[in-house]
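A.B. asks: A structural model of the following input is requested.
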Amino acid sequence: MTTSTDNINNSFFNSVYKDVWKKLIPNGLTEAEVDFIIETAGLQPGNKVLDIMCGYGRHSIELGKRGIDVTSIDNLSEYIEEIKAKAQEQNLPVRGLQAGILEVELQENYDAIICMGNSFSFFNKEETSQILKKLSLSLKPGGILIINSWMIAEIALKHFKEKDWFQVEEYKYLLDYKFHFQPNRIESEQTIVSADGTIDVLKGIDYIFSLDELESMLQDAGLNTKELYSTPRKRRFVLGDGRIYIVVEKTL
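C.D. replies: Got it, this is the predicted structure:
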C-alpha cells in the first residue's frame with residue numbers, strides 16, 4: 001500500500017521551500033480565503049473544521065481567531081510544532097496533528113473540511129479516491145469540503161510552460177516542467193537559489209484530473225460539487241482562470 005511517506009512531494013516541504021512558500025502568499029489572501037470558508041460553509045464559532053495538509057497552518061490559525069474549532073493535519077513535524085506554539089501563545093481552539101493523510105485515522109465529525117494551496121494534486125487516482133472516501137466519512141451530512149487547486153486539467157493544460165523563473169524576495173526560483181500521460185501528471189524540477197548562493201533542487205509530481213474525473217471520484221465518495229469559483233470573492237470559475245476553489249457538499 002502506498003503511504004504518505006512514499007510521496008515524492010514531501011521533499012518540497014522538508015527543505016528551504018518551507019520559507020519560500022510563506023513568501024509566495026500575497027498579503028491579505030489568507031484572511032480573504034478564511035472569509036470565504038466561513039461564508040461558504042456557514043460556519044459559526046464552535047463549529048469543527050478539519051484542515052488537511054495544512055502546511056504552517058495559516059488558515060487554521062486565522063479560523064481559530066474567529067472562534068472555529070480546528071484540527072490541523074500535516075505530515076511535517078516542524079509545521080505542526082509551529083501551529084501548536086501559535087495556538088498556545090494566542091489561546092486558540094486549534095490542535096495540530098502530525099500524520100500523513102493516507103494513514104491518519106479521523107476520530108471526529110466535522111462541519112467543514114478544507115484542503116488549500118494545491119496539496120490535493122499530490123496524489124494519484126487511487127490515493128485521491130481513498131482520501132475522498134475517508135473525508136466523506138468524517139464530514140457531517142450537509143457538510144462542506146473546499147479544495148483549492150491550480151492543477152486541474154482545465155487550468156494546467158491552458159497555462160502549462162516547460163520552463164519559467166521568477167524572484168521571491170531573496171530567492172531565485174527556476175522551474176522545469178514535463179507533462180506526462182497515463183496517468184496525466186506534471187513532473188517538476190524546481191531549483192531555488194538562496195541569497196548566499198546555496199542551491200536546492202526539488203522534485204515533485206502533480207497529478208492532473210479534469211473536473212469530470214474529480215466529480216466521478218467525489219460521487220463515489222458520497223460527495224457532490226456545489227460551486228466552482230476562481231477567487232475567494234466568489235467569482236465564477238471559467239476556462240482560462242489560474243486557480244479554482246471547488247466547493248463540495250456531502251449528500252444527506
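A.B. asks: quick one, helices of the stretch 151-252 of the chain?
C.D. replies: Assigned by DSSP state H, counting those that start in this stretch, the helices in the stretch 151-252 of the chain fall at 153-159, 211-220.
A.B. asks: show me where pLDDT drops low in the chain?
C.D. replies: Across the chain, the ranges flagged by pLDDT under 70 are 1-5.
A.B. asks: care to break it down by domain?
C.D. replies: The record's domain parsing of the chain by automatic domain parsing lists 4-150+209-250, 155-205.
A.B. asks: shouldn't Gly117 be in contact with Gly55?
C.D. replies: Yes. The pair formed by Gly117 and Gly55 meets the contact definition of CB atoms under 8 Å, at 6.2 Å. To be clear about C-beta, it is placed using only N, CA and C from the backbone, and glycine gets the same treatment.
A.B. asks: of those two, which one has the most company?
C.D. replies: The neighbour count for Gly117 versus Gly55, taken as other CB atoms under 10 Å, is higher for Gly55 (22 against 18).
A.B. asks: give the contact list for the more buried one.
C.D. replies: Neighbour list for Gly55: Phe13, Trp21, Asp74, Tyr79, Gly117, Ser119 [criterion: CB atoms under 8 Å, 6 or more residues apart in numbering].
A.B. asks: how about Leu76?
C.D. replies: Shown in contact with Leu76 (CB under 8 Å, 6+ apart): Asn10, Phe13, Asn14, Lys18, Gln98.
A.B. asks: okay, now the first one: neighbour count?
C.D. replies: A count of nearby residues for Asn10, using other CB under 10 Å, gives 16.
A.B. asks: go on, the last one?
C.D. replies: Counted with other CB under 10 Å, the burial measure for Gln98 works out to 17 neighbours.
A.B. asks: just the one 4 residues further on next, same as before
C.D. replies: By the criterion of other CB under 10 Å, Leu102 has 18 neighbours.
A.B. asks: assign it to helix, strand or coil.
C.D. replies: Secondary structure, DSSP: H, G, I helix; E, B strand; the rest coil: Leu102 is coil.
A.B. asks: now do the contacts for the residue lying closest to Lys125 once chain neighbours are set aside.
C.D. replies: Leaving aside its sequence neighbours, Lys125 sits nearest to Pro183 (CB to CB, 6 or more residues apart in numbering; 6.4 Å). Going by CB under 8 Å, 6+ apart, Pro183 touches Asn124, Lys125, Tyr207, Ile208.
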